[in-house]
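# build me a structure from this.
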Amino acid sequence: MVRSPHTNPRDLAWDGQYIWVLSWQAAAIYQVDVGGVAIEEQVHPKGYTLYANSPNPFNSSTTIRYAIQRTDIVKLTIYDELGRLVRTLVNTEKQPGDYSAVWDGKDSRGLKVSGGFYLYRLKAGSFVQTRGMLFLK
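Predicted coordinates for the structure are as follows:
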């Protein structure tokens, strides 16, 4: 099998007729007909996404899901309603895929924050998205 240096074994799938190769570099899915030489390219439907946290509103902890399309430095931060940094949940390089982080309602010092409206912001490469959540005490 020919492997690209950008291909991970989890990016390959076999459905009995085709080998599906997921290319994160090109943001495409290639369908390879192993019985012939047909190759079909499709645009990868998933890009950078920051999903709604769940549960929302919450009173003890909430899960924040996100997806990234390319290997990037990912930063997921929590801000209060005045825009002050409360806590950084993620600040590291991530491979393409789906991820989640749990916020326990605590600030960067480990202290419980007061109830209210908070913002969570995902930055990955040039992608930036912010959403809101409600913390109930």
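# identify the residues contacting stretch 108-126?
Identification of contacts with stretch 108-126 by Cβ atoms under 8 Å, 6 or more residues apart in numbering yields 48, 50, 53, 64, 66, 68, 70, 72-81, 83, 85-89, 94, 103, 105-107, 128-137. Where C-beta positions appear, they are placed from N, C-alpha and C, glycine not excepted.
# change it to 7 Å
Here stretch 108-126 makes contact (Cβ atoms under 7 Å, 6 or more residues apart in numbering) with 48, 50, 53, 64, 66, 68, 70, 72, 74-81, 86-88, 105-107, 128-137.
# over to stretch 70-89?
Stretch 70-89 is contacted from outside by 24, 64, 66, 68, 90-96, 101, 103, 106-108, 113, 116-125, using Cβ under 7 Å, 6+ apart.
# before we move on, what about stretch 51-66?
With Cβ under 7 Å, 6+ apart as the test, stretch 51-66 has contacts from 49-50, 76, 98-105, 120, 122, 131, 133-137.
# picking that back up, ok, of the contacts of stretch 108-126, which come out buried?
Among these, the ones that count as buried by 16 or more other Cβ atoms under 10 Å are 48, 50, 53, 64, 66, 68, 72, 74, 76-80, 86-87, 105, 133, 135.
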